[in-house]
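Q: Here you go, sequence then predicted model.
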Amino acid sequence: MRRVVISGLGIISSLGNNKAEVLASLQNQKSGISFSEEYAELGFRSHVHGDLKIQAAEHIDRKLMRFMGEGSGYAYLAMREAIENAGLTDSDVSNERTGLIVGSGGISTSNLVNAADTLRNRGAKRVGPYMVPRTMASTASACLATPYKIKGVNYSISSACATSAH
């Protein structure tokens with residue numbers, strides 16, 4: 001079996017938007033879970049969620065973001081932090097020995113709903129080419145491998161909430 005080295009860490013979570021913020025939240029025993037007015041209004045049985053305090057689109061170039069769903073945007077920001085944290089150069093990241101395996105519970109469902117609504121109401125030609133990568137099961141790995149020019153292995157793992165177990 002070949003060995004793998006994890007040399008950097010990047011985090012976007014309800015506890016913070018980077019490694020330092022998450023560590024501070026953990027040290028201060030701060031929860032990232034909060035009441036959701038929207039969940040209450042929708043009649044959900046649970047009214048709590050882990051709300052992210054960042055808008056990915058505000059931190060990613062518009063030309064890149066148009067291919068990404070919300071989750072891919074967060075993954076991109078976390079990968080950027082991990083690369084910086086590891087001190088990797090562009091040539092370290094973009095070479096045949098660097099691969100990318102991304103786990104995702106699923107795509108950003110708002111993109112799937114928007115694509116289906118557009119298809120139903122306006123026809124297939126109106127869905128648009130940027131919606132396709134946003135709704136693919138492999139969207140997270142594709143949206144990371146392309147801008148970072150990953151040349152090694154690249155694939156996605158997706159099995160809903162059990163994804164992290166794989």
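A: Arrived safely. Quantities reported herein were computed from a predicted structural model and do not represent experimental measurements.

Q: buried residues in stretch 124-140?
A: 127, 131, 133, 134, 135, 136, 138, 139, 140 (16 or more other CB atoms under 10 Å). Quick note: C-beta positions are derived from backbone N, CA and C, even for glycine.

Q: mind checking pLDDT for the last one?
A: Just to be clear, that refers to residue 140. Looking at residue 140, its pLDDT is 90.

Q: Next one: residue 1, what pLDDT does it get?
A: 67.

Q: The one 4 residues further on now?
A: Taken from the predicted model, the pLDDT recorded for residue 5 is 74.

Q: Assign it to helix, strand or coil.
A: Assigned by DSSP: H, G, I helix; E, B strand; the rest coil, the conformation of residue 5 is coil.

Q: Tell me which stretches of this structure form helices.
A: In the chain, the helices defined using DSSP state H lie at 19-27, 37-41, 62-65, 70-86, 90-93, 109-122, 131-135, 139-148.

Q: can you redo the buried residues of stretch 124-140 as CSV with distance to residue 107?
A: Output for those, formatted as CSV (distance: CB to CB, whole Å):
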residue, distance to residue 107
127, 15
131, 11
133, 10
134, 7
135, 6
136, 7
138, 9
139, 6
140, 8
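
Q: need the contact list for residue 56.
A: By CB atoms under 8 Å, 6 or more residues apart in numbering, residue 56 lies in contact with 12, 65, 68, 70, 73, 74, 76, 77.

Q: By neighbour count, which of those residues wins?
A: Compared across those, residue 68 has the highest neighbour count, 26 neighbours, by other CB atoms under 10 Å.

Q: State the distance from the nearest residue to residue 112 once chain neighbours are set aside to residue 75.
A: Nearest non-adjacent residue to residue 112, counting by CB to CB, 6 or more residues apart in numbering: residue 135, 5.2 Å away. Look at residue 135 and residue 75: by CB to CB, to the nearest Å, they are 16 Å apart.

Q: hmm, back to that, would you mind listing the two of the contacts of residue 56 that lie farthest apart?
A: Pairwise distances across the contacts of residue 56 (CB to CB) peak at 14.5 Å, for the pair 12 and 65.

Q: Cool, thanks, talk later.
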